[in-house]
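Chemist: Sharing a sequence plus its predicted fold:
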Amino acid sequence: MQGGPWTDGYALHIHTLSSTFIGNNQFGHPTFDTVRSPVGELLYQLKYRNDQGAIDQLAEAAEGFLKTWNPPIDGIIPVPPSVSRRNQPVIAVATALAGRAHIPLLAAALSKVKRTPQLKDVIEYDKRTEALKDAFAVAAEYTTGKKLLLFDDLFGSGATVSHIVEVLKNPGGAAAVYLLTLTKK
């Protein structure tokens, strides 16, 4: 993915291949026939159906791509979640990926310190960046001089990861930040 402040970045796959409106359900809510990529379907099952079996499959796909890409990274930083769940998908997959790839997981390096709205509900990029202002804190002892892999589940506008990369670089002192997301819109 080009155009951001990261050194280099990729998404493993597109999240949704097609989505067709098929009518309203008995409660008057719209329903869709949605076709997702294989990675998109695994992510959907993990996030919305709590299918913990998807974690290893997603980590395996990410590890396979990392072996091909081979960025020179010192640690993996998962993007902190914006929604509280009993099982946090990004952290679970990042943890499994770090174990498989034998790369340190630096989950304590970045924390969300301000509540923000779900950015998928905020359309304007300027409003997204305003919502993210002062939302993340970095523990520079984990990031200074390091080449980091920022890991997330879904790349939308890039506002969140762009903001986090800037935080990891300054005040975090990261030497480089690479970006890997499981899917993109």
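Modeler: Arrived safely, thanks for sending.

Chemist: residues contacting the residue lying closest to residue 91 once chain neighbours are set aside?
Modeler: Once flanking residues are discounted, residue 91 sits nearest to residue 78: 5.0 Å by C-beta to C-beta, 6 or more residues apart in numbering. Every residue, glycine included, has its C-beta placed from N, CA and C. Contact partners of residue 78, counting by C-beta atoms under 8 Å, 6 or more residues apart in numbering, are 90, 91, 93, 94, 95, 105, 107, 110, 151, 152.

Chemist: Residue 178 belongs to a helix, doesn't it?
Modeler: No. Using DSSP: H, G, I helix; E, B strand; the rest coil, the secondary structure at residue 178 is strand, not a helix.

Chemist: In contact with the residue nearest to the spatial centre of the chain: list those residues for me.
Modeler: Closest to where the C-alpha atoms of the chain average out (C-alpha atoms, centre = their mean) is residue 152, at 1.2 Å. With contact set as C-beta under 8 Å, 6+ apart, residue 152 has these partners: 78, 79, 90, 160, 161, 179, 180, 181, 182.

Chemist: tell me the mean pLDDT over the longest helix seen in the chain?
Modeler: As assigned by DSSP state H, the longest helix anywhere in the chain is helix 54-69. Helix 54-69 shows a mean pLDDT of 98.
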